[in-house]
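Student: Quick one, what's the 3D model for this:
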Amino acid sequence: RKSQRLSTWPPRLQHRRNSLRVPLRLFPAVKAIFKPLFRFLCTLLILPFIISHYLLSRLGSADRSLETHSQILSLLPGLTGSYLRVAFYRFTLEHCAPTATIGFGVLFSKAEARIGNHVYIGPRCLLGLVTLEDDVLLGPMVQIPSGPNLHGFERPDIPIRDQPGMPRRVTIGRDSWIGGGSVVLADIADQTVVGAGSVVTKPYPPRSILAGIPAKVIQTRT
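Tutor: I've put the predicted structure just below:
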């Protein structure tokens, strides 16, 4: 039926419609060429920040320098801001894949963080010593600090800020989705879904659906 309708079009309109098909077919190829070029341009633009981070890391702490630069770059809006942040973190984190997306207001505090392929980090996330494996999705305002023991609090005669903590890496397994506003203090297994606003305090099996404070398994993905 569709072909019958098209055949009733005037010849001039049919010719214009057919001529549009060629550019549309070329679009994926043009996109594949444009993306690497744009990433390279963003790397050139962000190069002063990379050099600044390198120098400050040598003079002091790499983590402190990362926090400073992270706060500045977090304010860059839009898709261009994401590309510029990824360009910076590719040279300053332990690993950052070029295909990652890092939203507005995202802050990193540990240079040993790792970001895998096609990871999406939503706006205003706060990330410490974390590994985000491939295809992880973080909703807005997700917090993943460096484990649950950032500060000691055993001795009441010493201020908490002066008691040493035990930071540890938190790993978010591949293809997991962490809902907005969640706090993750333990490892997340592969293909896990965490409901918005949850607090994850211990690990659970792969393909679990977690929700609540503290988070518990409410369903299993099959």
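Student: Show me the shaky parts of this structure.
Tutor: Along the chain, the model assigns pLDDT under 70 to residues 1-27, 30.
Student: Just grab the bridge partners of the spatially most central residue of it for me.
Tutor: With distances taken as CA atoms, centre = their mean, the residue of the chain nearest its centroid is residue 121 (2.8 Å). Here residue 121 shows beta-bridge partners residue 102, residue 138, assigned using DSSP bridges.
Student: tell me the SS of the nearest residue to residue 105 once chain neighbours are set aside?
Tutor: Using CB to CB, 6 or more residues apart in numbering and skipping residues adjacent in sequence, the residue nearest residue 105 is residue 124, 3.9 Å away. Yep, even glycine has a C-beta here, placed from its N, CA and C like the rest. With DSSP: H, G, I helix; E, B strand; the rest coil as the basis, residue 124 sits in coil.
Student: What is the burial count for residue 124?
Tutor: Applying other CB atoms under 10 Å, we find 17 residues neighbouring residue 124.
Student: got it, and the one 3 residues further on?
Tutor: By the measure other CB under 10 Å, the count of residues near residue 127 is 26.
Student: ok, now the one 5 residues further on?
Tutor: When neighbours are defined as other CB under 10 Å, residue 132 has 30 of them.
Student: List the contacts of it.
Tutor: By CB atoms under 8 Å, 6 or more residues apart in numbering, the contact set of residue 132 is 113-116, 119, 121, 138, 172.
Student: burial of residue 33, as a residue count?
Tutor: Neighbours of residue 33 using other CB under 10 Å come to 10.
Student: And it, which helix or strand is it part of?
Tutor: According to DSSP states H and E, residue 33 maps onto helix 11-59.
Student: again with residue 69
Tutor: Applying DSSP H and E, one finds residue 69 within helix 62-73.
Student: just how off-centre is that helix within its chain?
Tutor: 16 Å (CA atoms, centre = their mean, to the nearest Å).
Student: Now do it: everything it contacts.
Tutor: Here helix 62-73 has contacts from 46, 49, 52-53, 56-57, 81, 84-85, 88, 92-93, 106-111, using CB under 8 Å, 6+ apart.
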